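A.B. asks: Next comes the sequence, and after it the predicted model I'd like to discuss.
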Amino acid sequence: MRRVLGAVAALLMILAGAQPASAANLLTNAGFESGNLGGWSCSGGSAVTSPVHSGGYALAGAATASDNAQCTQTVTVVPNTTYTVSAWVLGNPVYLGITNGPSTWSGSASYNQLALSFTTAAGQTSAQLYLHGWYGTGTYYADDVVLDGPGGGNPGNPGAPAAPGNPTVTAVTASSIALSWPAVGGATGYRVYEGNSVRATVSGTSTTITGLGACETHSYTVAAYNTAGESARSASAAGATSGCQQADLPRHALIGYLHASFANGSGYIRLADVPAAWDIIDLAFGEPTSATSGDIRFTPCPVAECPNVESEAEFIAAIRAKQAQGKKVLISIGGANGQVQLTTTAARDTFVRSVSAIIDKYGLDGLDVDFEGHSLYLNAGDTDFRNPTTPVIVNLISALRTLKSRYGGRFVLTMAPETFFVQVGYQFYGGAGGGDNRTGSYLPVIHALRDALTVLHVQDYNSGPVMGLDNQYHTMGGADFPIAMGDMLRAGFPVAGTGQTFPGLRDDQIAVGLPAAVSAGNGYIAPGVVQQAVNCLARNQNCGGYTLRGGASPGIRGLMTWSVNWDRYYGWEFQNSHRPFLNGLP
């Protein structure tokens, strides 16, 4: 279990010709005082307020049976130079080391300091510090980490400053994104890049990029410079401008699925009889003629199953009446039985044509993507959610972009993935291997469509336990499950095994998805508990001990439920409890 340490005396020797290091901590966010893990790359961890060694935050790494919760940070260094490393740690065991260099460890129920030294080799320009626990031994803590010595700056120009730590988005408007970043010693200024274009040059550690369009996502990196040259660029920070078209939705919406092609034991409801409390009505379901055809068909419930089904003319008239009331009626594609795998460009194009035909025939407001089962997956090696390569992912993204472009800004696009395809990506990502290749597979789709996405309502039901940003497992049936799952969508999270972070969504793009009643799905939550969870997410109140990493989301879109039919079957409990509650949110 434990690492075998080399001869400590040999590791501490200064190599011939090595230069002494002047003291300067090269680590970004070394005490985790940003309140997050900015500057660090962690397989599992969070910044916590207790227990800490000093300041307000420390690192908590939750080691599991399959993950030692390693956190690393890479810095630029000078060749042939001795550096010192230290950290205050708590836990049994906790390891501190340099990748391909010395390491040490301790086991203690109180904070104690680990320390070591290492000397860079000739030509070495970077070093990676790591902290980790051990598999299955629980949570460890670390604080006040130090890597002392001269920064290497630009390896090709040792006089240039080191790269800045991770920038963060501090504010947005409909036409601007404000950024800030940690200061770099020896820098006289900073350049902010978008791609390879310089968007700002400043002497301080913040700037505001203006002249942007509404509802656009932009990604920026920062480089430090001085008279000797420019540093390497920082990690990227993504931000989205406000001003997105809201498709005339109310600030807080009630969203429900209507069994339009089947009854499912709860009875058929004519669309005209759906109460006005519902703001978005998802017609369930459009299904493919075969899993890989891309040919989506919508067939109203047959009379044999739904004796009171309306005629096509009555159905279309009901859609128009709902729209006249300001409601949105969407076709939902997929469901538990509707596997849709767009494995080819031909299937992609057929998907676009057939979905467009349904939307045009009934005059619908948009599309809900409810892909479940094996519709989405990631091929081995497809580990960059920002640039996916798996055909079923790439083709779906292309198809949805085409539909959005065809119908314009008022086209309502919603998604209803299960937690397995979204939040589980924090622990396991399909393309990285070592497990089910479907884990996290919605992330590239959500990310690619975040500018076009109206609402994401992940199904906080029919789910196994899921690890949240507090590195604790959360289970269905209580307020903490939708709180933790919603916070992940707002704050964003590292994607397991990839070294990349999925950026959080705007609060108006997030709704909580729950079953309407005990027969509708596993994970039913009583109305008062649902409202506790939403109050936590919207107001950061009554969170039951959970700390929101993404902060309050006053514009949270609302609640989705499966289904309108089951809600009627159980006396409209969901509607009658939550419509007035949503109206009272800020």
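C.D. replies: Here it is on my side, so go on.
A.B. asks: Looking at the closest residue to Gly44 other than its chain neighbours now. What's its pLDDT?
C.D. replies: The shortest distance from Gly44 to any non-neighbouring residue, by Cβ to Cβ, 6 or more residues apart in numbering, is to Ala69 (4.3 Å). All C-beta spots, glycine's among them, are computed from the backbone N, C-alpha and C. Note on Ala69: pLDDT of 89.
A.B. asks: Specify the local secondary structure of Ala69.
C.D. replies: Look at Ala69: counting by DSSP: H, G, I helix; E, B strand; the rest coil, its state is coil.
A.B. asks: contacting residues for it?
C.D. replies: By Cβ atoms under 8 Å, 6 or more residues apart in numbering, the residues touching Ala69 are 42-45, 61-63, 132-133, 139-140, 471.
A.B. asks: Show the residue spans covered by the helices in the stretch 251-400 of the chain.
C.D. replies: Under the criterion DSSP state H, counting those that start in this stretch, the stretch 251-400 of the chain contains helices at 312-324, 345-362, 391-407.
A.B. asks: nope, the chain is what I meant
C.D. replies: Along the chain, the segments classed as helices by DSSP state H run 8-12, 312-324, 345-362, 391-407, 443-448, 480-491, 527-539, 564-569, 573-583.
A.B. asks: What's the separation between the residue nearest to Gly44 and Gly136?
C.D. replies: From Ala69 across to Gly136, the span is 11 Å (Cβ to Cβ, to the nearest Å).
A.B. asks: cool, and Val89?
C.D. replies: Relative to Gly136, and taking Cβ to Cβ, Val89 is found at 18 Å.
A.B. asks: And these two? Which one has more around it.
C.D. replies: Legend: neighbour count by other Cβ atoms under 10 Å for Val89 and Gly136, higher for Val89 (31 against 12).
A.B. asks: Who are the contact partners of that one?
C.D. replies: Going by Cβ under 8 Å, 6+ apart, Val89 touches 96, 106, 108, 111-114, 131, 140-143.
A.B. asks: so how far is Gln73 from it?
C.D. replies: Distance from Val89 to Gln73, by Cβ to Cβ: 15 Å.
A.B. asks: go on, Asp382?
C.D. replies: From Asp382 to Gln73 the distance is 26 Å (Cβ to Cβ).
A.B. asks: what does Asp480 give?
C.D. replies: 31 Å.
A.B. asks: What of Val534?
C.D. replies: Taking Cβ to Cβ as the measure, Val534 falls 37 Å from Gln73.
A.B. asks: Which one of those two is surrounded by more residues?
C.D. replies: Val534 (25 against 22).
A.B. asks: so how many other residues sit close to the residue lying closest to the more buried one once chain neighbours are set aside?
C.D. replies: Counting by Cβ to Cβ, 6+ apart, Val534 lies nearest to Val512, which is 6.3 Å off, once chain neighbours are set aside. Val512 is flanked by 27 other residues according to other Cβ under 10 Å.
A.B. asks: Thr419 versus Val512, what's the distance?
C.D. replies: Relative to Thr419, and taking Cβ to Cβ, Val512 is found at 12 Å.
A.B. asks: residues bridging contact with those two, i.e. touching both?
C.D. replies: Shared contacts of Val512 and Thr419, counting by Cβ under 8 Å, 6+ apart, come down to 460, 485.
A.B. asks: low-confidence ranges in the protein?
C.D. replies: Applying pLDDT under 70 to the chain flags the ranges 1-24, 151-158, 215, 243-247, 434.
A.B. asks: So which residue is dead centre in it?
C.D. replies: Gly492 (3.6 Å; Cα atoms, centre = their mean).
A.B. asks: How about the contacts made by the nearest residue to that one once chain neighbours are set aside?
C.D. replies: Once flanking residues are discounted, Gly492 sits nearest to Gly504: 3.7 Å by Cβ to Cβ, 6+ apart. Contact analysis of Gly504 by Cβ under 8 Å, 6+ apart lists 489-492, 550.
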